[in-house]
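# Just the structure for this:
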Amino acid sequence: MQIPSVDTILRDALIEDIGHGDITTSSIVPPKHKSKAILIAKEDFILAGIPFAERVFKLVDRGIRFKADKKDGDRVKKGTVIATVSGNTRSLLMAERVALNLVQRLSGIATLTHRFVDCVNGFSVRIVDTRKTTPNLRFFERYAVRIGGGYNHRFGLFDGVLIKDNHIVAAGGIERAVRLARMNAPHMMKIEVEVRNSTELEEALSAGADIVMLDNMTLKEIKNAVRGIRQKRLQTTIEVSGNINMENVREIAKAGVDLISIGALTHSAPAVDISMEIF
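Now for the predicted structure:
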């Protein structure tokens with residue numbers, strides 16, 4: 001399967017918004033009118049998506065000048081000018097919404113990710129994302145996770161083996177699912193198994209899983225699982241997922257896990273507030 005290019009996705013977004021033309025702008029603004037505008041933060045956040053915003057403006061009109069006043073990863077305060085754009089006014093207004101939507105969405109993801117990363121500061125654990133992303137925007141949203149200090153899980157179904165509950169049912173058990181994956185998946189890929197209790201954990205470990213995902217377990221269950229795996233001196237990577245929040249993520253990190261995967265980073269991050277102001 002071929003992944004759409006960044007430009008393809010951005011062009012489709014512009015087509016969705018502009019359609020056969022910006023009726024309001026073309027009715028009011030003369031064709032050769034020029035303007036200068038700023039992108040300004042309306043709240044505090046971690047900035048992400050500036051290169052994509054610039055590309056949106058350039059796809060609409062190569063003559064637009066885009067000057068980034070801040071870079072991705074910067075902590076931005078309310079009232080800060082993020083970027084300055086200048087050129088044909090019609091072009092600026094046609095690019096505005098798509099550019100802002102991207103930066104607002106990605107900055108929201110980066111900001112939420114950064115908050116989780118801050119919560120586990122001092123522990124050798126990685127905060128990672130999941131496949132719970134907006135269709136066709138996964139590349140952008142996972143980029144924002146990295147900007148926020150997090151890490152990426154597998155990109156899609158094609159680049160990692162993760163045996164989940166439905167796979168286990170379809171295969172007839174954990175042991176058989178792992179054995180089939182060993183036989184048929186590329187030999188360089190690690191095998192990860194999602195487990196929901198101590199019985200499934202023991203089955204996954206006995207089957208030789210490289211990574212176990214402790215799914216929706218209580219803190220006590222997580223601690224017991226980590227203790228058992230470490231006592232056996234296994235090299236198994238331990239991931240925790242399900243019901244992770246700001247209140248419990250640090251305690252989970254303290255348990256000694258390697259990865260904490262959080263779907264909320266991409267499916268529930270609130271967009272930040274940014275506006276474009278022409279002057």
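
# mind listing what's buried in the longest helix belonging to the chain?
The longest helix of the chain (DSSP state H) is helix 89-119. For helix 89-119, the neighbour count (16 or more other Cβ atoms under 10 Å) marks 89-96, 98-117, 119 as buried. Backbone N, C-alpha and C define where each C-beta goes, glycine included.

# where along the stretch 51-200 of the chain do the strands fall?
65-68, 75-76, 81-88, 126-128, 161-163, 191-195 (DSSP state E, counting those that start in this stretch).

# returning to that earlier point: can you give me the offset of the longest helix of the chain from its chain's centre?
Relative to the centre of its chain, helix 89-119 is centred 12 Å away, using Cα atoms, centre = their mean, to the nearest Å.

# and it with strand 81-88, angle?
Comparing the axes of helix 89-119 and strand 81-88 via axes from the mean of the first three to the mean of the last three Cα atoms, to 10 degrees yields an angle of 160 degrees.

# hey, which of the strands of the stretch 51-200 of the chain is tucked in deepest?
strand 191-195 (a mean of 24; mean count of other Cβ atoms under 10 Å).

# Alpha carbons of it, as PDB, please.
What follows is strand 191-195, C-alpha atoms only, in PDB (Å, rounded to 0.1, in the frame of the first residue of the first chain):
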ATOM      1  CA  ILE A 191       6.400 -10.200  18.100                       C
ATOM      2  CA  GLU A 192       4.200  -8.200  20.500                       C
ATOM      3  CA  VAL A 193       1.200  -9.700  22.200                       C
ATOM      4  CA  GLU A 194      -1.600  -7.900  24.000                       C
ATOM      5  CA  VAL A 195      -2.600  -9.500  27.300                       C
END
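
# Output the contacting helices and strands for that strand.
Where contact means 3 or more Cβ pairs under 8 Å, 6 or more residues apart in numbering; DSSP states H and E, strand 191-195 is packed against strand 161-163, helix 174-184, helix 198-207, strand 211-215, strand 237-241.

# who does it pair up with?
Strand 191-195 has the following strand partners under DSSP bridges: strand 161-163 (parallel), strand 211-215 (parallel).

# give me the element the residue in the chain sticking out farthest from the centre is part of.
Ranked by distance from the centre of the chain (Cα atoms, centre = their mean), the top residue is residue 30, with 40.2 Å. Under the criterion DSSP states H and E, no helix or strand holds residue 30.

# follow-up on the earlier one: got the strands of the stretch 51-200 of the chain as TSV, with distance to residue 185 and mean pLDDT columns?
Converted to TSV, these look like this (distance: least, Cβ to Cβ, whole Å; pLDDT from 0 to 100):
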stretch	distance to residue 185	mean pLDDT
strand 65-68	42	98
strand 75-76	41	98
strand 81-88	44	98
strand 126-128	20	98
strand 161-163	5	98
strand 191-195	7	98
